[in-house]
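Enquirer: sequence isn't available, so here's the structure alone:
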């Protein structure tokens, strides 16, 4: 058992490690992709921001300069240098009129209005020219020069810090991924442990018992619990069947065995009448065994839910009247009172068996049975269809009202005449539950009993 547990644990840990590894690799890959994205975006944003600032400053200065009678004039708020941006004023012919060229700037570019150009080798400069007209033919050139943003040191620092922190980040990601996998697979470990315990102990009473939820593990646990419950019911029904059969068949088997041994030893001296009596006794006991086996099988199938029944919309009064007419027409001991158009969902075969069991039970426990008067009624009350079977028999004491529904219960064995299996009322209750109904009993000792089936109306 320990070897199985260790193997299961190793398998679970292997799955968790693989999940943690894949999650870690995915996290590292996403981190690298995010870094590349940030580098690209930062360079684009920095360049675009510098160009926008150069354009803004040059346009503001263009509004503060003018050319009057061949000489240019600048306003008091004209800025030749602002935030690292240098503004130069040139004549139409390209002569520098005002401003100081940056020390490191060596480029000689022709004027081109409105276009930002990047020049330089060691130090990159952004250059923007604007034409400021004055009249039809004259005007001034404004040239803005700014050092292009240098992102290489920033990029190098980001890459360096990424290389330093990425291993630690990957370690944290691996630990977090393993913890997530461990917590996610904990219900699965619980399912495995419960199934293994049931398998080892051969005890189906164990349940996983996970809280109800919408996740896959909760639904899987609920499915397993339902399966364990059905298996437990099935095994318990089989055990009950075997126990009941062994207990109840012991007597008829002993009688048949004794009769056979007696015949084998003294059969030569028996008269034909004695031999016939022996054979009739064996036949009665065999019939009793057959009835007992049939009843037990019927009970077991109902408990397991494997009884082959199909529910249809039936007129309860009409069905009960037909069953009584078909089965007990010749006896003349039944009084049937059935309202019509009381519709229920039921199976005709199960309904017939329930009714016949109740009628035979009423006849058997009437006093005397040969003159039994049994009344069958079908009525409706408070949303229920009621099928009742009443007799004027010996009645049932209150302390036995619950016990009579159990298997092999015989309140008065002297009336069983050797044919009763003690399963009739147990089968009746099982059929009632199968039809989504229930049974009730009203009885008074010496006055008779009334058994009533309650079914929901359609």
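Expert: Okay, I see it. Computed from a predicted structure; not experimentally measured. Numbers count the residues shown, from 1 in each chain.
Enquirer: list the residues that contact the residue of the chain positioned farthest from its centre.
Expert: In the chain, the residue that sits farthest from the middle, by C-alpha atoms, centre = their mean, is residue 69; the gap is 89.9 Å. By C-beta atoms under 8 Å, 6 or more residues apart in numbering, residue 69 lies in contact with nothing. All C-beta spots, glycine's among them, are computed from the backbone N, C-alpha and C.
Enquirer: domain ranges for this structure, per the record?
Expert: 2-45+153-201, 63-150, 216-303, 310-456 (automatic domain parsing).
Enquirer: out of those domains, which one sits most buried?
Expert: Of all these, domain 310-456 has the most neighbours on average by mean count of other C-beta atoms under 10 Å, namely a mean of 17.
Enquirer: determine how far the last residue of that domain lies from the first.
Expert: Using C-alpha to C-alpha, to the nearest Å, one end of domain 310-456 lies 16 Å from the other.
Enquirer: wait, is residue 172 part of a helix?
Expert: Yes. Residue 172: assigned to a helix according to DSSP: H, G, I helix; E, B strand; the rest coil.
Enquirer: residue 108 belongs to a helix, doesn't it?
Expert: No. Using three-state DSSP, the assignment for residue 108 is coil, not a helix.
Enquirer: ok, back up a step: save the domains of the chain as CSV, and put in distance to residue 57 too.
Expert: Conversion of these to CSV gives the following (distance: least, C-beta to C-beta, whole Å):
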stretch, distance to residue 57
domain 2-45+153-201, 19
domain 63-150, 5
domain 216-303, 62
domain 310-456, 87
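Enquirer: between those domains, which one is nearest to residue 207?
Expert: Each of the domains of the chain has some distance to residue 207 by C-beta to C-beta; the shortest is domain 216-303, at 5.0 Å.
Enquirer: average pLDDT across that closest one?
Expert: Averaging pLDDT along domain 216-303 yields 73.
Enquirer: same thing with stretch 153-170?
Expert: Here the average pLDDT along stretch 153-170 is 76.
Enquirer: same question, stretch 387-407
Expert: For stretch 387-407, the per-residue pLDDT averages 86.
Enquirer: now do stretch 348-355
Expert: On average, stretch 348-355 scores 87.
Enquirer: swap in stretch 19-29?
Expert: 80.
Enquirer: need the contact partners of it.
Expert: 166, 169, 170, 173, 174, 177, 178, 180, 181.
Enquirer: so how far is the helix or strand residue 53 falls within off the chain centroid?
Expert: Element membership for residue 53, per DSSP states H and E: helix 2-62. The chain centroid and the centroid of helix 2-62 are separated by 35 Å, computed with C-alpha atoms, centre = their mean, to the nearest Å.
Enquirer: cool, stretch 263-276 as well?
Expert: Counting by C-alpha atoms, centre = their mean, stretch 263-276 comes out at 69 Å from the chain centroid.
Enquirer: not counting sequence-adjacent ones, nearest residue to residue 123?
Expert: residue 104 (5.1 Å; C-beta to C-beta, 6 or more residues apart in numbering).
Enquirer: so residue 365 sits against residue 400, correct?
Expert: No. Residue 365 lies out of contact with residue 400 (C-beta atoms under 8 Å); the separation is 12.0 Å.
Enquirer: which strand or helix spans residue 341?
Expert: Going by DSSP H and E, residue 341 is not part of any helix or strand.
Enquirer: returning to that earlier point: read off the pLDDT value for the residue farthest from the centre of the chain.
Expert: So, for residue 69, pLDDT stands at 71.
Enquirer: same question, the one 10 residues further on
Expert: Per-residue confidence at residue 79 stands at 90 (pLDDT).
Enquirer: check the one 3 residues further on too.
Expert: What the model reports for residue 82 is a pLDDT of 88.
Enquirer: my guess is it contacts residue 57. True?
Expert: Yes. Judged on C-beta under 8 Å, residue 82 makes contact with residue 57 at a distance of 5.4 Å.
Enquirer: surely residue 315 touches residue 345?
Expert: No. Look at residue 315 against residue 345 with C-beta under 8 Å: they stay out of range, at 11.8 Å.
Enquirer: let's have the contacts of stretch 19-29 in CSV, adding distance to residue 426.
Expert: CSV is the format used below for these (distance: C-beta to C-beta, whole Å):
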residue, distance to residue 426
166, 73
169, 69
170, 68
173, 64
174, 62
177, 58
178, 56
180, 53
181, 52
